[in-house]
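Novice: Pasting the sequence and the predicted coordinates here, then a few questions.
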Amino acid sequence: MVVARGSDPEQLVRKAIQAMGGIEKYIKKGARVVIKPNICIAYHTYEYAATTNPWVVAALVKLCKEAGAASVRVFDYPFGGTAKDAYVKSGIDAQVKAAGGEMVIMSDYKFVPTSIPKGKDLKSIMIYDEILKADAIINVPIAKHHNLARYTLSMKNLMGVIDDRIGMHRNIGQRLADLATVIKPTLNVVDAVRTLVNNGPTGGNLADVKKLDTIIVTPDIVAADAYASTLFGKQPYDLTYVVAGAAMGLGKMDLKAIRIEELKVG
C-alpha cells in the first residue's frame, strides 16, 4: 500500500502508482479498462466531497492511456439526479474527456443476473455487464461519511454497479464482502483529497468537508478500507464490511501486517 500526501491531486496519483511499481504492472497494453468513481448525485460540485475528485479520476485515465489501454471507460449509477447531470456537475465529465477517456451513461438493460458462489448472505445479484467484462477495474471512491455503512470507501463504492441497492442495505457489511468476491478491482485508489466527515453520503454543507490532501493506493480492497477508517479517527474493526471481508480472506485488515509506504509529494 502507498499513502501519498500533497497538494496536487494528479501528482499524488502519479507518484503513488509509481511507488506501487508503475501503472504497467496493473494495466496491460490493449486492456479494456473501467474506472469506477463515486458520482452519486447531481446536486453538488466536487468541493462538497460527495463525489470523487475530478483530477484524481483524470490522472488515472491519463496513466491508463499512457500504458496503452485500448479503452478507458468511466461510469457510475447516480441515485440523485440524472447520470448526465451528475457527471457534469461533479466536474468529472470535463476532466475525463480532456484526459482522453470516455464517460458512459449506464443502461438498465446491461445489468445481468450474476451468481455469487462464495457469498455467505448474498447469493446472486444483477451486475452491470461492462464491469464483468473489463480487463482491469480501477475503483476510485471518495472517502466520506455514510449514514448506514458509517463510511463509503472502496467496498461500498462497488454498489454503483448493481441494480438492487436497497436490498444491499440489509446486512450491508456481509453483503458488501460477498459482492467483492465477484467484483475484484485491479487497484483501489481512495480519494481523500477532500473528505466528507458528516451528513453523508450526499453532504451539502462545506462545514462537513475536511481537506486531507491524501491518496491511498492498493490492490487489497480490505486493506484500503482498513487504512481509510483511520482517516476518520476509527479503526478497521469499526467497519462491518472490513471485518467481513477479512474473515472471507479478501484482504488484510491488520494494519501492522501491511507494508505501508508513506509519500510526501511536492
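Specialist: Ah, there it is.
Novice: rest of the way, CA atoms for contacts and neighbours
Specialist: Will do.
Novice: I'd like the distance from stretch 200-212 to the chain centre, please.
Specialist: With C-alpha atoms, centre = their mean, to the nearest Å as the basis, stretch 200-212 stands 17 Å off its chain's centre.
Novice: got it, and stretch 90-103?
Specialist: 16 Å.
Novice: measure it end to end?
Specialist: Start-to-end span of stretch 90-103 (C-alpha to C-alpha, to the nearest Å) is 12 Å.
Novice: Over to stretch 229-241?
Specialist: End residues of stretch 229-241 are separated by 11 Å (C-alpha to C-alpha).
Novice: cool, stretch 115-122 as well?
Specialist: 9 Å.
Novice: Show me where the stretch 151-266 of the chain has its helices.
Specialist: 154-157, 165-168, 172-179, 221-230, 240-247 (DSSP state H, counting those that start in this stretch).
Novice: Run through the neighbouring helices and strands of the first one.
Specialist: Secondary-structure packing of helix 154-157 (3 or more C-alpha pairs under 8 Å, 6 or more residues apart in numbering; DSSP states H and E): strand 136-140, helix 172-179, strand 187-196, helix 221-230.
Novice: what's it in contact with?
Specialist: 36-38, 139-141, 149, 176-177, 180, 188-190, 221-222, 224-225, 241 (C-alpha atoms under 8 Å, 6 or more residues apart in numbering).
Novice: The second one too?
Specialist: Residues lying outside helix 165-168 but in contact with it, judged by C-alpha under 8 Å, 6+ apart, are 159, 175, 176.
Novice: which SS class is residue 35?
Specialist: Classification of residue 35 by DSSP: H, G, I helix; E, B strand; the rest coil places it in strand.
Novice: I'd say it and residue 138 touch.
Specialist: Yes: using C-alpha atoms under 8 Å, residue 35 is in contact with residue 138, at 4.7 Å.
Novice: of these two, who's got more company?
Specialist: Taking other C-alpha atoms under 10 Å, residue 35 and residue 138 do not tie; residue 35 has more neighbours (28 against 24).
Novice: Specify the beta-bridge partners of the more buried one.
Specialist: Going by DSSP bridges, residue 35 is paired in beta bridges with residue 74, residue 138.
Novice: Now for it: which residues touch it?
Specialist: With C-alpha under 8 Å, 6+ apart, residue 35 has these contacts: 57, 60, 61, 72, 73, 74, 75, 137, 138, 139, 140.
Novice: cool, residue 129 as well?
Specialist: Contacts of residue 129 by C-alpha under 8 Å, 6+ apart are 110, 111, 112.
Novice: Dump these to CSV, plus pLDDT and secondary structure.
Specialist: Formatted as CSV, these follow (pLDDT from 0 to 100; DSSP: H, G, I helix; E, B strand; the rest coil):
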residue, pLDDT, secondary structure
110, 97, helix
111, 97, strand
112, 97, strand
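Novice: Output the contacting helices and strands for the helix or strand where residue 61 lies.
Specialist: Residue 61 is located in helix 54-66, with elements delineated by DSSP states H and E. Counting contacts by 3+ C-alpha pairs under 8 Å, 6+ apart, helix 54-66 packs against helix 9-19, strand 32-37, strand 71-74, helix 92-99.
Novice: Next, the residues that contact the shortest one from outside, please.
Specialist: Outside strand 71-74, the residues within contact range by C-alpha under 8 Å, 6+ apart are 30-37, 61, 64-65, 96, 101-104.
Novice: Mind telling me the two of those farthest from one another?
Specialist: 30 and 37 (21.7 Å; C-alpha to C-alpha).
Novice: quick one: which of the two has more around it?
Specialist: residue 37 (28 against 14).
Novice: OK, contacts around the more buried one?
Specialist: By C-alpha under 8 Å, 6+ apart, the residues touching residue 37 are 51, 52, 57, 74, 75, 76, 139, 140, 141, 142, 157.
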